[in-house]
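Colleague: Predicted model follows, preceded by the sequence.
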Amino acid sequence: MFRMIFVNLPVADLDRSKAFYEAIGFHNEPKFSNEAAAMMVLSDTISVMLLTHPFYATFTRKPIADANNSSQVMLCISCESPAEVDRITDAAGAAGGKVDVSQVDQTKGGPMYGRDFEDPDGHQWSPMWMDPQFAEQGAHPVEETTQATRPETIVCNQEGTMPINPNASIEITAFAWVPEFAQGVVRDLRARWALEEAGLDYRVQLLGQTRPAEYLQEQPFDQVPVLRDGTLQIFESGAIVQYIGEKSEALLPSDAESKYRAIQWTYAALNSCEPAILNLLLIDIFFTGQEWAKLRRPGAEDFVKLKLKRLSDWLGDKQWLEGDRFAIGDLVMITVLRFLRHTDLVAGFPNLDAYVKRGEARPSFQQALSDQLAAFAANEPQLEPEGAAA
């Protein structure tokens, strides 16, 4: 699992600060914003939490420093080019920030190019570009053979191709390993399950938490799975499942009405149900114990319950969403509901609980799950004894 960083900054005027950060390239995430806080997203792994002074004060017993008059921290962000450094800094100036406040000029050549600016509350940011060759070598290069190994160095199996069938034309990507809380729900499970239902051979390319740079040309959001079939490449698990379904009537009926009713349920699962469910999951897994999360969770749970009730009412006493025939809509919906396995919310709706268990009992699901978990087990980080060589 990649780590995320949330930089919490006290601000005097929340709306003014939101406008400033939007002007320099952040975007607001309304799911984690209210009148006291705003989540401003820079990338998949970096966000700034803007907190009003009263709300910020609930997290600390110390006085809030005035960043306009004293310095506590400088926030450096990497850029892809010197031009991007200039773009961000100039945008900050145009939005009311102070620019080029450092005593050191890093724009006069050399392996690094950087500028800096302050936001309206005085928090200092330093966008910086580093020459790739210099970054690879390091400021103080050392021979790899002389680097000391930290105690308890984690050693993982190598990434590569996991041959479900090494001669298969279809290949999907999956993570070599993820932490226990994510095992069994990573989205390549949908592709594996669909391929098993359709009776199609496939092979798996296992990826580490740092993917090759060229992977972004296939999956711009750096996630799994990607499906490759000859020259065809598809990302997003919903699209992949539909592609597989169109190869087999085991997943998609041939008549138009039944086919598109099955497809509509994949969209319903991913658009109407999954966002609410993942919102609750993120609160419970990543933000548990935080004050804002404690305040937000009851509302998030109520919204999930509403989604589950609507789904339960539709399902009624049917075996599957559209009657007696299992289809891709059921496959995707069941994988979405499994994100709630850390709660008893699904169990609160007996027909949904039985529905999920029916899906999980299918031999194709059991095989897909077993194959995913086998990869994680084979690549589980191992701790070397203290003092062992790299």
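Modeller: Everything's here; your move. Since this is a predicted model, take the numbers as computed values, not measurements.
Colleague: for the stretch 101-250 of the chain, what spans make up the helices?
Modeller: For the stretch 101-250 of the chain, the helices defined by DSSP state H, counting those that start in this stretch cover 132-137, 188-198, 237-245.
Colleague: Mean confidence (pLDDT) on the second one, please.
Modeller: On average, the pLDDT along helix 188-198 is 96.
Colleague: Tell me which of the helices of the stretch 101-250 of the chain is the most buried.
Modeller: helix 188-198 (a mean of 25; mean count of other CB atoms under 10 Å). From N, CA and C alone the C-beta is placed, and that goes for glycine too.
Colleague: Run through who's touching that helix.
Modeller: 170, 172-175, 201-202, 204, 224-225, 227, 237-238, 240-241, 244-245, 247-248, 250-251, 326, 328, 331-332, 335, 362-365, 367-369, 371-372 (CB atoms under 8 Å, 6 or more residues apart in numbering).
Colleague: are any of the residues you listed buried, and which?
Modeller: Among the contacts of helix 188-198, those classed as buried by 16 or more other CB atoms under 10 Å are 170, 172-175, 202, 204, 224-225, 227, 237-238, 240-241, 244-245, 247, 250-251, 326, 328, 331-332, 335, 362, 364-365, 367-369, 371-372.
Colleague: For residue 380, give its distance to residue 178.
Modeller: For residue 380, the distance to residue 178 equals 10 Å [CB to CB, to the nearest Å].
Colleague: neighbour count winner among those two?
Modeller: Neighbour tally, residue 380 and residue 178, criterion other CB atoms under 10 Å: the higher count belongs to residue 178, 19 against 14.
Colleague: What about residue 30, how many residues nearby?
Modeller: For residue 30, the count of nearby residues is 9 (other CB under 10 Å).
Colleague: Kindly report the same for residue 41.
Modeller: If you count neighbours by other CB under 10 Å, residue 41 ends up with 16.
Colleague: same thing with the one 5 residues further on?
Modeller: As a burial measure, the neighbour count of residue 46 was computed by other CB under 10 Å and equals 16.
Colleague: so who does it touch?
Modeller: Counting by CB under 8 Å, 6+ apart, residue 46 touches 4-5, 7, 77.
Colleague: If you count neighbours, what's buried in whichever strand or helix holds residue 264?
Modeller: Secondary structure from DSSP states H and E places residue 264 in helix 256-267. Going by neighbour count (16+ other CB under 10 Å), the buried part of helix 256-267 is 259, 261-263, 265-266.
Colleague: wait, which of those residues is closest to residue 95?
Modeller: Nearest to residue 95 among these: residue 266, at 41.1 Å, using CB to CB.
Colleague: close enough to count as contact, the closest one and residue 239?
Modeller: No. Counting by CB atoms under 8 Å, residue 266 sits too far from residue 239 to count as a contact (9.1 Å).
Colleague: tell me which helix or strand of this structure sits lowest on mean pLDDT?
Modeller: None of the helices or strands of the chain scores lower by mean pLDDT, DSSP states H and E than strand 154-155, at a mean of 28.
Colleague: what's in contact with the helix or strand hosting residue 370?
Modeller: Here residue 370, judged by DSSP H and E, is contained in helix 363-378. Helix 363-378 has contacts (CB under 8 Å, 6+ apart) with 157, 162, 164, 174-178, 183-184, 186, 188-189, 192-193, 195-197, 204, 206, 359-360.
Colleague: JSON lines please, covering the buried residues of helix 256-267 and showing pLDDT.
Modeller: Below are the buried residues of helix 256-267 laid out as JSON lines (pLDDT from 0 to 100):
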{"residue": "259", "pLDDT": "95"}
{"residue": "261", "pLDDT": "95"}
{"residue": "262", "pLDDT": "95"}
{"residue": "263", "pLDDT": "97"}
{"residue": "265", "pLDDT": "97"}
{"residue": "266", "pLDDT": "97"}
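Colleague: about what we covered before: what about burial for the contacts of residue 46, which qualify?
Modeller: With burial judged by 16+ other CB under 10 Å, the buried subset of the contacts of residue 46 is 7, 77.
Colleague: Could you find the closest non-adjacent residue to residue 233?
Modeller: Distances taken as CB to CB, 6 or more residues apart in numbering put residue 218 closest to residue 233, at 5.5 Å, once the chain neighbours are dropped.
Colleague: I meant to write residue 219 there.
Modeller: Counting by CB to CB, 6+ apart, the residue nearest residue 219 is residue 235, at 4.4 Å.
Colleague: And for residue 115?
Modeller: residue 89 is the one closest to residue 115 (CB to CB, 6+ apart), at 4.3 Å.
Colleague: Surely the one you found and residue 116 touch.
Modeller: Yes. Assessed by CB under 8 Å, residue 89 is found in contact with residue 116 at 7.3 Å.
Colleague: Need the residues touching each of these two.
Modeller: 99-100, 127.
Colleague: JSON lines for those, including neighbour count?
Modeller: Formatted as JSON lines, the shared contacts of residue 89 and residue 116 follow (neighbours: other CB atoms under 10 Å):
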{"residue": "99", "neighbour count": "17"}
{"residue": "100", "neighbour count": "11"}
{"residue": "127", "neighbour count": "24"}
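Colleague: of those residues, the lowest pLDDT goes to which?
Modeller: residue 100 (82).
Colleague: can I see the domain layout of this protein?
Modeller: Listed domain ranges for the chain are 5-135, 160-375 (source: automatic domain parsing).
Colleague: hey, least reliable of these by pLDDT?
Modeller: Note on the domains of the chain: lowest mean pLDDT is at domain 5-135, with a mean of 85.
Colleague: chain center to that domain, what's the gap?
Modeller: 22 Å (CA atoms, centre = their mean, to the nearest Å).
Colleague: again with stretch 292-304
Modeller: With CA atoms, centre = their mean, you get 20 Å for stretch 292-304.
Colleague: mind listing what's buried in it?
Modeller: Using 16+ other CB under 10 Å as the test for burial, stretch 292-304 gives 292-293, 296-297, 300-301, 304.
Colleague: Span of stretch 313-327 from start to end?
Modeller: Taking CA to CA, to the nearest Å as the measure, stretch 313-327 stretches 19 Å from start to finish.
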